[in-house]
Every structure is written in structure tokens, then in C-alpha cells.
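**Student:** 3D, please:
(one chain, ligands or ions: 1)
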Amino acid sequence: MANIAFIGLGNMGGPMAANLVRAGHDVTVFDVADALADALVEQGASKAATAAEAVAGVEFVVSMLPSGEIVKNLYIHQDKLLDVIDPATVVIDSSTIASEDAVEVHKTAKSRGIAMIDAPVSGGVGAAKSGKLAFICGGDEAAVDKARPILEVMGKAAFRAGPAGAGQIAKICNNMLLAIHMIGTAEALNMGAAAGLDPKALTEIMAASSGRNWSLDTYNPFPGVMDGVPASNDYQGGFLVKLMNKDLGLAADAAGKLGAATPMGDLARQLYDKHGDAGFADRDFSSILKMFAD
Ligand code: NAD
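**Tutor:** Coordinates of the predicted model:
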């Protein structure tokens, strides 16, 4: 069993840390919101008073934080964890942040001899709770391999996308495509329904035809077509529009810097921004159907 520091115990980090505790690892937690750390202590974790205290003498550090600014402050500028982390430690940052921010942290880690991977996740709070996340990793193969046993406790799969920062790029490529096919699926179902077709029958036809995609056959946005998806629960829970907006913003920034043409991604971003502003920021992203249906 490993000694692990876990930093950032929010909607995702809390259940991820709990799974590590449940698997028998020695987990020391830290969050600026003290009550979140207390909740993990009740489940068997130890609590540190500071981030620096949490990482002392551990084999792995996992962080799950809201933004690149916060990640860089934690590791480099304010808490300066990379000044105190033992070189034998493997650092796993699972936050979704800009690739260049991840690369900056990687470079600083490397200069101190510390192995680091960016390992953003695919899957939401439900997958975090059930230990079924997919980790999309960037970094040296050896570092990813060292992290794998820890990632496998919190997830069902761990992919290596490439070198430092590649995990972040792969994640936003996926989420940009997800936004695009969700919008297309919602548009098509809405048009069919407007013509009087049964959305369930139309789903069956398209799912067996060339329009088949995940938004259609697994996460259908039309209420009542599928059980157990947010569309059939007033778009509660799931993957929130505000988080999709964050990822589409990261994708647009990356595309701009790379000079990559992403006209569909740009349009998806405009539509999702408008949808969030229309009061859907805290609803599941499949609620984009309401933009067309209402
Ligand atoms: P969250 O806001 O619920 O949790 C973030 C936690 O970080 C909070 O508890 C906050 O107090 C803590 N924190 C902030 N600054 C800190 C610091 N300096 N030191 C220690 N703790 C600090 O966010 P979340 O939903 O858990 O998301 C975390 C990351 O995972 C984000 O990058 C998000 O984009 C990504 N993500 C989220 C989802 C999802 O469905 N929620 C899905 C995939 C990826």
C-alpha cells in the first residue's frame, strides 16, 4: 500500500480520495475548504494543516483543482510544493487545465528530478464515485507506468496520450468533439420531433445508421428516450454546461495558439456560452436540446 497526498477534495477529488482510502492506501488530504478534509478524515484519511505538510514523505501526490493558475500557484509560485517534494515522489495532476500550464509544472518538476504526469479525467462525479474514470495522461512512459496502480484504483482505464501536456490536449480534443456531436444530435432529434416523428423511433433508426454516435446511443438528449440519463431527469446532474464551457474555452485557446482550424468547435463554444447565460450553466450539457426545442 502506498503513502499518498491528495490535494483538492471537491466534487471530483473528494470521491477519488475516498476510493484510495477504501483500497487501503495511506492517504493524507488537504483542501483550503477545511470541512472537505474533515469529511475524508471520517472515512479514514489523515488531514494535513498545509499542502506542504501533506506531501512530506509520500510516494504519490494527486491534485484535483479548478484552474491552471491554482495548479501553478500550488506547485511553483505560492505553496512551492516542487521545492519540498521528495524526488522519489510521482506527481499526478488530474485537474483540467491548459496544456501549456501543465508543461510549465512538468518542466519545473523535471528540473528538481521529480516525475510528473498530467492526468485529466473523462467521466464526471458518478464515475469518480464508482471508480470508473478514464485518465488521459501526458508525461514520460516510466512516470505513467509508476502512476498506473494508483490511477487504476480511481478509474477503469489510464491512457498515455504522449509527452508532457499531451493528456490535456487529448482531453480537450475529446470534449470539443463531444460538444459538437451533442449539438448535432440535439438538432437532428428536435427537427424529427418537429415533423411529428417519435424521437425514440428516430433514435433507433439513426443509431443503426451513419448518424450513430455516443450522444445519440448512450446519452440521448431527448427527454424520455432513455432511462437513467440527465435528459430524463430534467437535465439534473451529469456534466454541467459551465464545465463544458470551461473545456471549450481551453480548446479555443489551444486552437488559437496552434493555428489549428476549429470552426465547429468555435460554433459549439458560442452556442454553449449562450446556453449557459440563458440559465442552464448548472444543468447537464445535453440540455442544449432546449435551445432548439423551446
Ligand atoms: P470543485 O470546485 O468541486 O473542487 C475543487 C477543490 O479544490 C475545491 O474543494 C477547492 O476548495 C479546492 N482548492 C482550490 N484551491 C486550492 C488550493 N490552493 N489548495 C487546496 N485545495 C484547493 O471542482 P471539481 O468539479 O472537483 O473539478 C476539479 C477538476 O476536475 C477541474 O479541473 C474540472 O475541470 C475537472 N473535471 C470535473 C468534472 C466534473 O464533472 N465535476 C469532470 C471532469 C473533470
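**Student:** residue of the chain nearest the ligand, please.
**Tutor:** Proximity of the chain to the ligand (CB to the nearest ligand atom) peaks at G10, 1.8 Å away. Every C-beta, even on glycine, is put in place using the N, C-alpha and C of the backbone.
**Student:** what sits against that residue?
**Tutor:** D31, A33, L36, M64, P66 (CB atoms under 8 Å, 6 or more residues apart in numbering).
**Student:** try it again at 7 Å.
**Tutor:** G10 makes contact with L36, M64 under the criterion CB atoms under 7 Å, 6 or more residues apart in numbering.
**Student:** what mean pLDDT does stretch 243-261 have?
**Tutor:** Averaging pLDDT along stretch 243-261 yields 97.
**Student:** next one: phi and psi at the most centrally placed residue in the chain?
**Tutor:** For the chain, the residue nearest the mean C-alpha position is V121 (4.0 Å; CA atoms, centre = their mean). Dihedral pair for V121: phi -110, psi 150, per degrees, to the nearest 10.
**Student:** sec struct for V29, please.
**Tutor:** Under DSSP: H, G, I helix; E, B strand; the rest coil, V29 falls in the strand class.
**Student:** wait, it touches A39, no?
**Tutor:** No - judged on CB atoms under 7 Å, V29 makes no contact with A39 at a distance of 9.2 Å.
**Student:** returning to what we had before: need the contact list for the residue lying closest to the residue nearest to the centre of the chain once chain neighbours are set aside.
**Tutor:** Residue nearest to V121 in three dimensions, not counting chain neighbours: L133, with 4.4 Å by CB to CB, 6 or more residues apart in numbering. L133 sits next to V121, S122, G123, A127, M154, G155 when contact means CB under 7 Å, 6+ apart.
**Student:** pick out the most distant pair among the residues you listed.
**Tutor:** By the measure CB to CB, S122 and M154 form the most distant pair in the contacts of L133, at 12.4 Å.
**Student:** more crowded one of those two?
**Tutor:** Set side by side, S122 and M154 show more neighbours around M154, with 28 against 19, by other CB atoms under 10 Å.
**Student:** do I have it right that that one meets S130?
**Tutor:** No - with contact defined as CB under 7 Å, M154 does not reach S130; the gap is 10.1 Å.
**Student:** longest strand of this structure?
**Tutor:** strand 155-162 (DSSP state E).
**Student:** what's the mean pLDDT across it?
**Tutor:** What strand 155-162 shows for mean pLDDT is 98.
**Student:** tell me what that strand is packed against?
**Tutor:** For strand 155-162, the elements it packs on are strand 133-138, helix 141-154, helix 166-194, judged by 3 or more CB pairs under 7 Å, 6 or more residues apart in numbering; DSSP states H and E.
**Student:** return the most buried member of the ones you listed.
**Tutor:** strand 133-138 (a mean of 26; mean count of other CB atoms under 10 Å).
**Student:** near the ligand at all, that strand?
**Tutor:** No - if you take CB under 6 Å from any ligand atom as the test, strand 133-138 misses the ligand, and the best it gets is 8.0 Å.
**Student:** now do that strand and helix 166-194, the angle between them.
**Tutor:** In terms of direction (axes from the mean of the first three to the mean of the last three CA atoms, to 10 degrees), strand 133-138 departs from helix 166-194 by 130 degrees.
**Student:** burial check on A208, number of neighbours?
**Tutor:** By other CB under 10 Å, neighbour count at A208 equals 10.
**Student:** now Y75: how far from V29?
**Tutor:** Separation of Y75 from V29 (CB to CB, to the nearest Å): 17 Å.
**Student:** actually A208, not the one I wrote
**Tutor:** Per CB to CB, A208 is found 47 Å from V29.
**Student:** near the ligand, which residues of the chain?
**Tutor:** Proximity of the chain to the ligand is confined to 7-13, 30-33, 36, 51, 64-66, 70, 74, 95-96, 121, 124-125, 239, 243, 246 under the rule CB under 6 Å from any ligand atom.
**Student:** give me that answer again for 5 Å
**Tutor:** Contacts of the chain with the ligand, taken as CB under 5 Å from any ligand atom, map to 8, 10-12, 31-33, 64-66, 70, 95-96, 124.
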